[in-house]
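Colleague: Give me a 3D structure for the following:
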Amino acid sequence: MSNDSDGGRRVPLGQLIGQALLRLTGWRAGPFPDIDRAVIAGGPHTSNWDGVLALVSRSALQKDVNVMIKHSLFKGPLGWLLRKLGAMPIERGRAGGVVEQTVAQFNQRDKLLIAVTPEGTRSNAEQWKLGFYHIAKQANVPIILALADYRAKTFSFPVVIYPGDNMEADLQEIYRHFASVTPRHPDKLSAPVRKHYRA
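Modeller: Predicted coordinates for the structure are as follows:
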């Protein structure tokens, strides 16, 4: 089932469901930048609801965003389902590592959006996992920030960062943007973001 009201374009059912869920909960998502290849850094990550919100927003915006998941989960029927949901298999123990494998994926594709949560955990991470930055730098793609603001009820993509020669300066900019929104649980913010956060 789909809707033909959007200028004659058939709207996918998943998009209609995502948009309806956002409306029902009072949330807004987007707009998404006109970029086909990028690493999407999402946060602040303080709740399991962050992932639910990201999936609903992905459906509402109809963006083909991939999430890295360990390759052992892709066996059998589950593998088909995971791929349909945008998961991308990664062998964490393989020679070359996650960064090199992901850069290789970027080098093979004209369009690839990969979402990561650089805090690595939803509770008081002392430091970030910086693989997302190295992937973007080596693949020569930008980092799109995806920010969940529970006060404004927005899931937005307000900033695009092109990794430069000063990684620490780039990271500080990302920390500040993460600290500019209100997470679900401010007391669980990662240490780098907490330094900039003002309730």
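
Colleague: Residue 158 is in contact with residue 148, isn't it?
Modeller: No. Checked against C-beta atoms under 8 Å, the pair residue 158 and residue 148 is beyond contact range at 11.9 Å. Placement of C-beta: from N, CA and C, glycine included.

Colleague: Tell me which of these two has more neighbours.
Modeller: In this view residue 158 and residue 148 are compared by other C-beta atoms under 10 Å, and residue 148 has more residues nearby, 28 against 14.

Colleague: what residue ranges in the chain are flagged as low confidence?
Modeller: Residues of the chain meeting the criterion pLDDT under 70: 1-9, 68-70, 81-82, 84-88, 90-96.

Colleague: Run a quick neighbour tally on residue 76.
Modeller: Residues near residue 76, counting by other C-beta under 10 Å: 8.

Colleague: separation between it and residue 101?
Modeller: 22 Å (C-beta to C-beta, to the nearest Å).

Colleague: Report the spatially closest residue to the residue nearest the centre of the chain, excluding sequence-adjacent ones.
Modeller: In the chain, the centroid-proximal residue (C-alpha atoms, centre = their mean) is residue 115; its distance is 3.4 Å. Residue nearest to residue 115 in three dimensions, not counting chain neighbours: residue 40, with 4.3 Å by C-beta to C-beta, 6 or more residues apart in numbering.

Colleague: The one you found belongs to a strand, doesn't it?
Modeller: Yes. Assigned with DSSP: H, G, I helix; E, B strand; the rest coil, residue 40 falls within a strand.

Colleague: just the strands in this protein please.
Modeller: In the chain, the strands defined using DSSP state E lie at 3-6, 9-11, 28-29, 37-43, 65-70, 87-90, 112-116, 143-149, 154-161.

Colleague: Give the pairing partners of the third one; include direction for each.
Modeller: When you say that, I think you mean strand 28-29. Strand pairing for strand 28-29, using DSSP bridges, gives strand 154-161 (parallel).

Colleague: pretty sure residue 164 is in contact with residue 170, am I right?
Modeller: Yes. Here residue 164 lies in contact with residue 170, judged by C-beta under 8 Å, at a distance of 6.2 Å.

Colleague: thinking again about what came up before, the residue nearest to residue 115: what's it in contact with?
Modeller: 65, 113-116, 143-146, 157 (C-beta atoms under 8 Å, 6 or more residues apart in numbering).
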